[in-house]
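*Asks:* Build me a model from this:
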Amino acid sequence: MKFNTKLIHGGVSIDEATGAVSIPIHMASTFKQKHIGSSKYEYSRSGNPTREAVEKLIADLEDGDAGFAFASGSAAISTIFSLFSNGDHIIVGNDVYGGTFRLIDNVLKRMGMTFTTVDTRDLEAVSAAIQANTTAIYLETPTNPLLRITDIAAIAKIAQQHNLLSIVDNTFATPYIQKPIALGIDIVVHSASKYLGGHSDLIAGLAVTKNAELSEKLGYLQNAIGAILAPQESWLLQRGIKTLSLRMQRHQQNAQTIFEYLNQQPLVANIYFPGNPDNSDFSLAKQQMAGFGAMISFELQPGIDPEKFVENLKLITLAESLGALESLIEIPAKMTHGAIPRDIRLANGIQDELIRLSVGVEDIDDLITDLDQSFKQLKS
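*Replies:* Purely as a prediction, here's the structure:
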C-alpha cells in the first residue's frame with residue numbers, strides 16, 4: 001500500500017462492529033469484562049479503541065512496530081526520556097525546541113540525568129561526546145527554528161555501533177517527507193498538534209518504535225505515566241492525518257514561492273530553509289527528504305525591529321505553533337525559545353532578529369502581498 005493510500009486506509013480505518021468508515025469516538029472510561037483478564041479493553045488509560053486507531057495509523061505511516069498517542073508533544077518526549085535512569089548520559093542536538101530544552105534543563109537534570117549538547121550535523125562531535133554512561137542520542141531534523149539537517153542514517157549507525165538508542169523528532173518533516181525508522185532510527189516522536197493534526201484544533205503527541213522490545217517498554221511507560229491522548233482528540237488527529245498529503249503539497253508550493261520572494265528582499269539578512277541552494281545542508285536535504293517542508297526562518301538586517309514586522313502583518317497570524325492551514329509567524333527569542341537563556345540561544349545561532357514562519361495553504365498572492373506591505377512599512 002502506497003503512502004497516500006495508507007493515509008486513508010492505514011491503521012484501523014473502518015469500525016468492524018458497524019462498518020462505519022469514520023472510527024467512532026469511544027468516550028468510555030472503562031469497559032465491561034466477560035471474564036477477568038480476557039477483554040481487549042479494560043480502562044481507557046491502558047487502551048481505547050479510538051486512540052488505538054490513530055496509534056496504528058502513525059505506526060503504518062512511519063513504518064514502525066507500534067505507535068503511541070500522548071496528551072501533547074511534550075508528554076511524548078517526557079515519556080520517552082523516562083526510558084532512562086539516574087546517571088544516564090544523553091547526547092542532545094543543540095538546536096531543539098525551547099520546551100525540550102526546558103524539560104531537560106529544569107526537570108531531567110534534577111532527576112540525575114546528564115546531557116551534552118552538540119551540533120548533530122558534526123558526526124565527529126557526536127562521536128566525541130559519547131561517554132561510558134551514554135545511553136541515547138536525541139535530535140530534531142529539520143531543527144527548530146534554524147531548519148538544520150542532520151544525516152539520520154549516519155547518526156543511526158553511530159548509535160548502533162555504541163549500543164545507544166537513537167531518537168528523532170520528525171515534527172517539521174512528517175512521514176510525508178522523511179522516514180527516520182527506515183534510515184535506522186529507534187524512536188520517532190511528533191508534536192502532532194502541528195502538521196499531522198493540521199488544523200490548530202488539538203494538542204497531541206505521537207511516538208513510534210522500531211521494534212517489539214522498544215514497543216513493550218514505551219507501552220508500559222505510557223500506561224504507567226498516563227499522559228494519554230483523549231478519545232475526542234484521537235478522532236480529530238486521525239481525521240487530520242487523512243489529508244496530510246493534500247495539505248503538504250500546498251504548504252510546500254507556497255513555501256518555495258515565499259523563499260524566492262524573501263531571497264530578493266533587501267531587508268532580509270539570512271534565510272534558513274532546507275530548499276535554499278546556498279544552505280550547506282541543501283545536498284543532504286535533497287538526498288534524505290522527499291521535499292523541503294514549509295517552515296522558513298529568516299533574520300532581518302541588524303537594527304530592524306522584528307516585532308514591528310510581525311505585528312504589522314494583516315493576514316499572517318502572530319502566534320506560537322506551526323503546521324496549520326493558516327500561516328503562523330513568531331519571534332523565537334521571545335516566544336517559542338524564550339526558555340533558553342540568551343547566551344545559549346546566541347551561541348546556537350538563534351539571533352534576536354530571527355523570525356520563524358510556518359507557511360499555510362492560503363492563496364500565495366495574498367501571502368506575498370501581506371509580507372510586502374509589512375516590509376514597506378519598515379522602510380517608511
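
*Asks:* who touches stretch 274-288?
*Replies:* Residues from elsewhere that reach stretch 274-288, judged by C-beta atoms under 8 Å, 6 or more residues apart in numbering: 121, 142, 147-149, 151-153, 178, 183, 255-256, 259, 263, 272-273, 289, 292-293. In this view, the C-beta of every residue, glycine as well, is placed from N, C-alpha and C.

*Asks:* rerun that using 10 Å as the cut-off
*Replies:* The contact list for stretch 274-288, computed with C-beta atoms under 10 Å, 6 or more residues apart in numbering, reads 121, 141-143, 146-154, 172-173, 177-180, 183, 252, 255-256, 259-260, 262-263, 270-273, 289, 291-296.

*Asks:* Which ones among the residues you listed lie within strands?
*Replies:* If you go by DSSP state E, these have 270-272, 295-296 in strands.

*Asks:* Surely Leu322 forms part of a strand?
*Replies:* No: read with DSSP: H, G, I helix; E, B strand; the rest coil, Leu322 is coil and lies in no strand.

*Asks:* right, and the pair among the ones in strands among the contacts of stretch 274-288 with maximum separation?
*Replies:* Taking C-beta to C-beta, the two most distant members of these are Asn270 and Met295; they sit 14.8 Å apart.

*Asks:* who's more crowded, these two?
*Replies:* Shown here are Asn270 and Met295; by other C-beta atoms under 10 Å, Met295 has more neighbours (26 against 17).

*Asks:* Quick check: beta-bridge partners of the more buried one?
*Replies:* Ser358 (DSSP bridges).

*Asks:* Show the pLDDT at it.
*Replies:* On pLDDT, Met295 comes in at 98.

*Asks:* In this structure Lys242 contacts Ser13, no?
*Replies:* Yes: with contact defined as C-beta atoms under 10 Å, Lys242 counts as touching Ser13 (8.8 Å).

*Asks:* Overlap in contacts, those two.
*Replies:* When contacts are counted by C-beta under 10 Å, 6+ apart, Lys242 and Ser13 have 7, 22, 57 as shared neighbours.

*Asks:* Contacts only, for the second one.
*Replies:* If I follow you right, that is Ser22. Taking C-beta under 10 Å, 6+ apart, we find Ser22 in contact with 13-15, 235, 238-239, 242.

*Asks:* Which single one of those is nearest to Tyr97?
*Replies:* Nearest to Tyr97 among the contacts of Ser22 is Gln238, at 24.1 Å by C-beta to C-beta.

*Asks:* So which of the shared contacts of Lys242 and Ser13 are in helices?
*Replies:* 7, 57 (DSSP state H).

*Asks:* And the shared contacts of Lys242 and Ser13, which is closest to Asp65?
*Replies:* Leu57 (13.9 Å).

*Asks:* Against His337, how distant is Phe81?
*Replies:* Here Phe81 is placed at a distance of 19 Å from His337 (C-beta to C-beta, to the nearest Å).

*Asks:* more neighbours, the two?
*Replies:* His337 (26 against 21).

*Asks:* Who's the closest spatial neighbour of the more buried one, skipping the chain neighbours?
*Replies:* Closest residue in space to His337, ignoring its immediate chain neighbours: Gly98 at 3.9 Å, by C-beta to C-beta, 6 or more residues apart in numbering.

*Asks:* Equivalent analysis for Lys6, please.
*Replies:* Using C-beta to C-beta, 6+ apart and skipping residues adjacent in sequence, the residue nearest Lys6 is Asp60, 5.3 Å away.

*Asks:* Surely the one you found is in contact with Gly10?
*Replies:* Yes: the criterion here is C-beta under 10 Å, and Asp60 meets it with Gly10 at 3.7 Å.

*Asks:* Quick check: longest helix in this structure by residues?
*Replies:* For the chain, the longest helix by residue count, based on DSSP H, is helix 244-263.

*Asks:* Does anything pack onto that helix? Which helices or strands?
*Replies:* Counting by 3 or more C-beta pairs under 10 Å, 6 or more residues apart in numbering; DSSP states H and E, the packing neighbours recorded for helix 244-263 are helix 3-9, helix 174-177, strand 268-272, strand 295-300, strand 354-358, helix 364-379.

*Asks:* What is the burial count for the nearest residue to Arg342 once chain neighbours are set aside?
*Replies:* Nearest non-adjacent residue to Arg342, counting by C-beta to C-beta, 6+ apart: Ala333, 7.5 Å away. The number of residues packed near Ala333 is 21, by other C-beta under 10 Å.

*Asks:* Next up, the contacts around Ala333.
*Replies:* 98, 145, 306, 340, 342, 345-346, 350-355.

*Asks:* Please pick the buried ones from those.
*Replies:* The neighbour count (16 or more other C-beta atoms under 10 Å) marks 98, 145, 306, 340, 345, 350-355 as buried among the contacts of Ala333.

*Asks:* Same list as before, these that is, but in CSV and with pLDDT and distance to Ile203 included.
*Replies:* Shown next, in CSV, are the buried ones among the contacts of Ala333 (pLDDT from 0 to 100; distance: C-beta to C-beta, whole Å):
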residue, pLDDT, distance to Ile203
Gly98, 85, 16
Pro145, 93, 20
Pro306, 95, 27
Ile340, 82, 22
Arg345, 85, 25
Ile350, 86, 24
Gln351, 85, 29
Asp352, 87, 28
Glu353, 88, 30
Leu354, 94, 25
Ile355, 96, 24
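
*Asks:* Can you tell me which of those residues comes closest to Lys2?
*Replies:* Using C-beta to C-beta, the buried ones among the contacts of Ala333 come closest to Lys2 at Pro145, 32.3 Å.

*Asks:* Hmm, that closest one is touching Phe273, no?
*Replies:* No: the criterion here is C-beta under 10 Å, and Pro145 misses it with Phe273 at 11.4 Å.

*Asks:* send the alpha carbons of stretch 86-95 over as CSV?
*Replies:* C-alpha atoms of stretch 86-95 as CSV (Å, rounded to 0.1, in the frame of the first residue of the first chain):
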residue,chain,number,x,y,z
ASN,A,86,19.5,8.5,37.2
GLY,A,87,23.2,8.6,36.0
ASP,A,88,22.4,8.1,32.3
HIS,A,89,24.0,10.5,29.8
ILE,A,90,22.2,11.6,26.7
ILE,A,91,23.5,13.5,23.7
VAL,A,92,21.1,16.2,22.5
GLY,A,93,21.1,18.3,19.4
ASN,A,94,21.9,21.9,20.2
ASP,A,95,19.1,23.4,18.2
